[in-house]
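# Could you look at this predicted model? Sequence included:
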Amino acid sequence: MNSKILLVDDDKTLLSFLSEFLSDKFDVVIANSGAEALRKAYSEQPKIVVLDVMMPGMDGWEVVARLRELSTIPIILLTGKTAEADKLRGFSMGVDDYVTKPFSFAELSARIVAVLNRAQRRTGSLDNVIIVDKLVIDLNRREVRLENELLNLTPTEFRLLEILARRHGKAVSEEELTKKIWGQYRSEDSTVLRRYIWSLRNKIEEDPANPQWIVNVRGYGYMLE
């Protein structure tokens, strides 16, 4: 397949054996920390990220949140945790698959191929397009059009709109929006979120002071109508 993959784990021995096993099928890039993973994700542009959850400093959850601010790249999580709540948390953040340690290298390789194949089939299809009335969000191209006019959104504005659009017609709390955009352990508060809401309204609303698309739900959060 010759697809470039990014393997992220603080266990250097595991990374060495795993990268050697996968190198027959993939162009393997490795990272030993969350910060290094983000740098290499942006510089190397891999087709998929295989990411350990439990790492010192920036853990896997934080890396997922940061990657999802800018990209829909497929992500497979590696973890020793088997609780359903952890798996549900991963899927809610946009993770594509979840592999529990210890695992078979052959099984992981097969899962990587399966996720890449699903991602290829989605390209150019309507599976990754969200349509809300005259608002069209293309998740593959990272484009938003309103009445067929292309909007110039920042990555964070795009992610914010995507979250609201996936739940359109339903209220989303400020706390949930903040966690999904910046991660569980980032320090951004509701003031930062409100600045992005205001910025997004200025690009979408005909009258940002009287929003018709992104409306306040008093004392709770926001909703895309």
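Received the coordinates, thanks.
# quick one: low-confidence parts of the chain?
Applying pLDDT under 70 to the chain flags residues 1-2, 70, 82-83, 121-127, 184-189.
# quick one, helices of it?
Secondary structure of the chain (DSSP state H): helices at 12-22, 34-44, 60-70, 84-92, 105-122, 155-166, 174-182, 190-204.
# Burial check on the residue nearest to L193 when sequence neighbours are not counted, number of neighbours?
In space, and not counting its chain neighbours, L193 is closest to T178: 5.4 Å by CB to CB, 6 or more residues apart in numbering. Glycine gets a C-beta too; all of them are placed from N, C-alpha and C. Residues near T178, counting by other CB atoms under 10 Å, number 19.
# what's the answer for R68, then?
21.
# What sits closest to it if chain neighbours are left out?
For R68, the spatially nearest residue (CB to CB, 6+ apart) is G94, at 5.0 Å.
# Report how many residues lie close to the one you found.
19.
# how about JSON lines for the helices of the chain, with distance to I214 added?
Formatted as JSON lines, these follow (distance: least, CB to CB, whole Å):
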{"stretch": "helix 12-22", "distance to I214": "43"}
{"stretch": "helix 34-44", "distance to I214": "29"}
{"stretch": "helix 60-70", "distance to I214": "18"}
{"stretch": "helix 84-92", "distance to I214": "21"}
{"stretch": "helix 105-122", "distance to I214": "27"}
{"stretch": "helix 155-166", "distance to I214": "7"}
{"stretch": "helix 174-182", "distance to I214": "11"}
{"stretch": "helix 190-204", "distance to I214": "6"}
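# which stretch among the ones you listed comes nearest E225?
Ranking those by proximity to E225 (CB to CB) places helix 155-166 first, at 9.7 Å.
# What lies in contact with the closest one?
Contact partners of helix 155-166, identified using CB atoms under 8 Å, 6 or more residues apart in numbering, comprise 68-70, 130, 132, 135, 137, 139, 142, 144, 153, 172, 177, 180-181, 193, 196-197, 199-200, 203-204, 214, 222-224.
# filter the residues you listed to the buried ones?
68-70, 130, 132, 135, 137, 139, 144, 153, 172, 177, 180-181, 193, 196-197, 199-200, 204, 214, 222-224 (16 or more other CB atoms under 10 Å).
# give the contact list for A85.
Neighbours of A85 in contact, by CB under 8 Å, 6+ apart: none.
# and it, how far is that from S92?
10 Å (CB to CB, to the nearest Å).
# what residues are up against the residue nearest to the spatial centre of the chain?
Nearest to the mean C-alpha position of the chain, counting by CA atoms, centre = their mean, stands R68 at 2.6 Å. By CB under 8 Å, 6+ apart, R68 lies in contact with 93-94, 159, 180.
# one step back: the residue nearest to R68 against T72, yeah?
Yes. In this structure, G94 is within contact of T72 by CB atoms under 8 Å, at 7.4 Å.
# And stretch 40-47, what's buried?
Under 16+ other CB under 10 Å, the buried positions of stretch 40-47 are 40-41, 46-47.
# Include distance to V63 when you put these into CSV, please.
Listed next are the buried residues of stretch 40-47 as CSV, based on distance: CB to CB, whole Å:
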residue, distance to V63
K40, 11
A41, 8
P46, 13
K47, 17
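# Among the residues you listed, which one sits closest to A110?
Closest to A110, out of all of the buried residues of stretch 40-47 and judged by CB to CB, is K47, at 15.9 Å.
# who's in contact with D10?
32-33, 52, 55-56.
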